[in-house]
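**Student:** Give me a 3D structure for the following:
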Amino acid sequence: MTIQNDHTVRSYDEELVHLINLIARMGGLAEAGFEGALKAVAKRDSELASRIIAGDAEIDTLESDIHAFTVRLLALRQPVAQDLRLIVGALKVSGDLERIGDYAANVAKRAIILNELPPVKPTAGIPRLGRLVQSMVRDVLDAYVGRDNDRAVRVWHQDQEVDDMYTSLFRELITYMMEDPRNITPCTHLMFIAKNIERIGDHATNIAETVHFLIEGEGIRENRPKGESILPQSFDPGSE
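**Tutor:** Below is the predicted model of the structure:
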């Protein structure tokens, strides 16, 4: 009987490790897709953008695999306490990673459209916003794998910086459009790109909250920091 119990515990531990590894793999794909999408915009590389769009299907498949695996664990293992938080947390994180993959694919789609238009006046806002959100995604995934609450909370606080940078970029693009009507179409696509990047930052912040919950067993007590927005509530070019 003891041997059977030891085997059961060992098997369960291996399943939990497998779940964490699935999340890490999905996170790596989402992070790589986002990086590739930003490169496709910067280098006007439609071929790379097409590969990023096609690669989103693998992220979707992994999310389905994780959902099926977590449902099985919940049904067969009936976890409690920390193990229950880990499994439910994996469900939440996989959902956020799937959305990050979707938004990265949206950026790549806009890159292809932009490449068919004349280049607009160079703006440093998109690369700068992209680098900030990239660092958030990278850090929050490291925080998840390493169970690093301090790093997760630092990512959480960066959400306000993302909002402020996005608002500044939005104003800059509006200025370009007012200066020359020929900029309206390409700048509109850049607005969609910027909003998708900002949304990726939101999902990185969601993951940071989940990591905090996994470690501390409770949510972050502060209200989520948000920057000033000049946009009406109904304006959401990220919902594609």
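
**Student:** contacts and neighbour counts: CA atoms only from here.
**Tutor:** OK.

**Student:** Please report how far residue 17 lies from residue 86.
**Tutor:** To residue 86, residue 17 is 10 Å away according to C-alpha to C-alpha, to the nearest Å.

**Student:** Quick one: residues in contact with stretch 121-133.
**Tutor:** Applying C-alpha atoms under 8 Å, 6 or more residues apart in numbering, the external contacts of stretch 121-133 come out as 38, 42, 162, 165-166, 169, 176, 190, 194, 197-198, 200-201.

**Student:** And residue 17 and residue 86? Which one has more around it.
**Tutor:** Neighbour count, other C-alpha atoms under 10 Å: between residue 17 and residue 86, residue 86 has more, with 22 against 12.

**Student:** Can you pull the poorly scored residue ranges out of this structure?
**Tutor:** The model of the chain has pLDDT under 70 over residues 1-9, 122-123, 225-240.

**Student:** What sits closest to the residue most central in space within the chain if chain neighbours are left out?
**Tutor:** Nearest to the mean C-alpha position of the chain, by C-alpha atoms, centre = their mean, lies residue 100 at 3.4 Å. Using C-alpha to C-alpha, 6 or more residues apart in numbering and skipping the chain neighbours, the partner closest in space to residue 100 is residue 200 (5.3 Å).

**Student:** buried ones in the one helix or strand residue 75 maps to?
**Tutor:** Following DSSP states H and E, one finds residue 75 within helix 46-77. By neighbour count with 16 or more other C-alpha atoms under 10 Å, helix 46-77 contains the buried residues 46, 48-53, 55-56, 59-60, 62-64, 66-67, 69-70, 73.

**Student:** What of stretch 25-34?
**Tutor:** Buried residues in stretch 25-34 (16+ other C-alpha under 10 Å): 26, 27, 28, 29, 30, 31, 32, 33, 34.

**Student:** Off-centre distance for it?
**Tutor:** 9 Å (C-alpha atoms, centre = their mean, to the nearest Å).

**Student:** Next: stretch 149-157.
**Tutor:** 15 Å.

**Student:** quick one on the thing from earlier: show me the buried residues of stretch 25-34 that map onto helices.
**Tutor:** 26, 27, 28, 29, 30, 31, 32, 33, 34 (DSSP state H).

**Student:** how about the first one, what does it touch?
**Tutor:** Looking back up the chat, that one is residue 26. If you count contacts by C-alpha under 8 Å, 6+ apart, then residue 26 has 59, 62, 63, 94, 97 around it.

**Student:** And the last one, how far from residue 76?
**Tutor:** So that's residue 97. 26 Å.

**Student:** now swap in the fourth one and tell me
**Tutor:** When distances are taken as C-alpha to C-alpha, residue 94 and residue 76 turn out to be 21 Å apart.

**Student:** now the third one
**Tutor:** Residue 63 sits 20 Å away from residue 76 when distances are taken as C-alpha to C-alpha.
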